[in-house]
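S.K.: Need coordinates for the below:
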Amino acid sequence: MIDSTLKVYQMFGDDYSKEIYGQRVLYSLTNDDKYIHKLVNDLEPIRWLRKKLRGISSQNVLLYGAGFRGQRVSQICPDLFKGFVDGDLKKQGKLVNGFKVYSLPEVMQCFADPVFVISNKFGVEKIESELMSCGAAQKNILNLGEKMTAFTAEQYFDLEELKPSENEVFVDCGAFDGDSAFAFMKWCNNHYKHIYCFEPDKKNYVLCRQNLSEAISKEKCTVFNKGTWSSNTELSFSDTADVASHICDDGLQRISVETLDQELLVKRNEKVTFIKMDIEGAELETLKGASRIIIEQKPKLAVCVYHKPEDIFTIPEYLRTLNPDYKFYLRHYTFAAWDTVLYAIP
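M.R.: Numbers count the residues shown, from 1 in each chain. Got it, this is the predicted structure:
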C-alpha cells in the first residue's frame, strides 16, 4: 500500500492537495479528528475570520449559535472565542465544547465591546438586527455562516485548473435536486451539449426533474431514476429523500443500477467530458462501470473520497491504473470530515 500511496501522492498537481491528502490519509488510519481540524483550519472562511479578527481590537469574541456549525467552529479554532451566545433557554448556562453558553443580555452585561461571529446558515438578518438592537456595533458582527455557505456553493467547480471545453457533456451521479447541474450551467456559462443526471431516490428524482424542466424541455438534459454501479443489476437502497439516500444491504427499497459505459457509451455513443460523483460510498463501483469512458475519453472527474475510510486510498489508486496521465487535485468544503473531493484533470 505504501508504494501505491506514494505513486498517487506524486500525481497531485499542487502542495495544497498533497497536504489535504496527508491529513485525510492520517484521519482514515487513526479516526482522530485533529487531522480534520488541521485541514479545516486552512479553509478560506476560517482564514477570512482570523484576518478580520486581527483587525478588531476587542478580544471578547463570542460565537452566535451553539448548534452544529457553531460547535464545529469552536472545535476547529478554540483559541478565538470566549464562549457562545444562543437564544435557546435549554442551552444557556451550560458548557458546549468547554465554552459557556450565554444569553445575549448576559453577554452585553459581562463583556466590553463584544464581537459576534455568526455561524448560522439561516436567519442571519434577524440575528444581526437582534444584536444591533441590543447595542452590538455593526463592525463587530462577522457573518461566518454566509462565508461558509458561499464557499460550499462552489464545490465541484471552483478548481482553477478545471476549465470548460467545447460541447461539454456533464454526468451527475447523485443528482439530488439538480443543484450541481445548475452549478455546472453557471460554470460553463450555459455553453454545453447535454447533462445526464442519475438519481435513484424517487422523491429526489421528481424534484430534480421539476427543477431542471426547462433544460429537459430543450432536450439539453436527461434525468434517470436509477443509480450507477459496476454492473447492470438491482440493489437494496435506503431512500431518505435527502442527500444521504444510499445503496446498502439492509435498504428497504430495490433500485435499478447501470454502468455509465453501458448507458452513455454503448447505448448513446456519447462523448463525456465531465463526471461528478457524490453517491454515498458507491463511487469506486461506479468508476469501475465507467472504465471505458475514463480510458478512452479521459473526462474531467470530481469524485467524493470521504464516504468510506478506504476511499482516499482506493479511488485515486484505481484512477491511476486507468489513466496515469491524470493530474490529481484535492479540495475540502466543510467544517466536518465530509465533502472532500478528488479532481482528476486530463
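
S.K.: can we go C-alpha only for contacts and neighbour counts from here?
M.R.: Noted.

S.K.: Which stretches in the stretch 201-346 of the chain count as helices?
M.R.: Taking DSSP state H, counting those that start in this stretch, the helices of the stretch 201-346 of the chain run over residues 202-211, 213-217, 260, 283-288, 291-297, 311-322.

S.K.: can you redo those helices as JSON lines with mean neighbour count?
M.R.: Shown next, in JSON lines, are the helices of the stretch 201-346 of the chain (neighbours: other CA atoms under 10 Å):
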{"stretch": "helix 202-211", "mean neighbour count": "18"}
{"stretch": "helix 213-217", "mean neighbour count": "14"}
{"stretch": "helix 260", "mean neighbour count": "29"}
{"stretch": "helix 283-288", "mean neighbour count": "22"}
{"stretch": "helix 291-297", "mean neighbour count": "17"}
{"stretch": "helix 311-322", "mean neighbour count": "19"}
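
S.K.: just the strands in the stretch 101-250 of the chain please.
M.R.: Here the stretch 101-250 of the chain has its strands, by DSSP state E, counting those that start in this stretch, at 115-118, 141-143, 168-173, 192-198, 221-224, 227-228, 233-238, 246-247.

S.K.: Counting by contacts, list what the first one packs against.
M.R.: With contacts defined as 3 or more CA pairs under 8 Å, 6 or more residues apart in numbering; DSSP states H and E, strand 115-118 has these neighbours: strand 61-64, strand 141-143, helix 144-153.

S.K.: deepest of those, which one?
M.R.: Highest mean neighbour count of the helices and strands packed on strand 115-118: strand 61-64, a mean of 26 (counted as mean count of other CA atoms under 10 Å).

S.K.: close enough to count as contact, E166 and Y192?
M.R.: Yes. Between E166 and Y192 there is a contact under CA atoms under 8 Å: 7.2 Å.

S.K.: More neighbours: those two, which one.
M.R.: Neighbours per residue (other CA atoms under 10 Å) separate E166 from Y192, with Y192 holding more: 17 against 10.

S.K.: Now do the helices in the stretch 1-150 of the chain.
M.R.: Along the stretch 1-150 of the chain, the stretches classed as helices by DSSP H, counting those that start in this stretch are 2-9, 15-30, 33-40, 44-54, 68-76, 104-110, 124-133, 144-153.

S.K.: and of the ones you listed, who's closest to E280?
M.R.: helix 15-30 (16.4 Å; CA to CA).

S.K.: and the angle for the closest one with helix 2-9?
M.R.: Interaxial angle, helix 15-30 versus helix 2-9 (axes from the mean of the first three to the mean of the last three CA atoms, to 10 degrees): 150 degrees.

S.K.: Average the pLDDT values over helix 15-30 and round to the nearest integer.
M.R.: Helix 15-30 carries an average pLDDT of 97.

S.K.: ok and it relative to helix 311-322, angle-wise?
M.R.: Counting by the same axes, to 10 degrees, helix 15-30 lies at 120 degrees to helix 311-322.

S.K.: Tell me the spacing between V305 and L284.
M.R.: For V305, the distance to L284 equals 9 Å [CA to CA, to the nearest Å].

S.K.: Also F184?
M.R.: Relative to L284, F184 is positioned 22 Å away (criterion: CA to CA).

S.K.: from memory V40 sits against F335, does it?
M.R.: Yes. Shown here, V40 and F335 form a contact pair, counting by CA under 8 Å, at 5.8 Å.

S.K.: quick one: common contacting residues for the two?
M.R.: The contact sets of V40 and F335 overlap at I76 (CA atoms under 8 Å, 6 or more residues apart in numbering).

S.K.: Return the set of buried residues in stretch 265-281.
M.R.: Buried residues in stretch 265-281, counting neighbours by 16 or more other CA atoms under 10 Å, are found at L265, K271, V272, T273, F274, I275, K276, M277, D278, I279, E280, G281.

S.K.: no no, stretch 23-32
M.R.: Neighbour counts over stretch 23-32 (16+ other CA under 10 Å) mark Q23, R24, V25, L26, Y27, S28 as buried.

S.K.: returning to what we had before: and the helices of the stretch 1-150 of the chain: which comes nearest L330?
M.R.: Nearest to L330, of all the helices of the stretch 1-150 of the chain, is helix 15-30, at 4.6 Å by CA to CA.

S.K.: Who are the packing partners of the closest one?
M.R.: Packing partners of helix 15-30 (3+ CA pairs under 8 Å, 6+ apart): helix 33-40, helix 311-322, strand 327-332.

S.K.: on that earlier part again, list the residues that contact both of V305 and L284?
M.R.: D311, I315.

S.K.: Please render the helices of the stretch 201-346 of the chain as CSV that adds distance to F151 to the earlier fields.
M.R.: Shown next, in CSV, are those (distance: least, CA to CA, whole Å):
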stretch, distance to F151
helix 202-211, 23
helix 213-217, 26
helix 260, 30
helix 283-288, 23
helix 291-297, 29
helix 311-322, 22
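
S.K.: Redo the ones you listed as a markdown table? Include distance to G145 and mean pLDDT.
M.R.: Supplementary listing: these in a markdown table, determined by distance: least, CA to CA, whole Å; pLDDT from 0 to 100:
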| stretch | distance to G145 | mean pLDDT |
| --- | --- | --- |
| helix 202-211 | 26 | 96 |
| helix 213-217 | 31 | 98 |
| helix 260 | 37 | 98 |
| helix 283-288 | 29 | 98 |
| helix 291-297 | 37 | 98 |
| helix 311-322 | 28 | 97 |
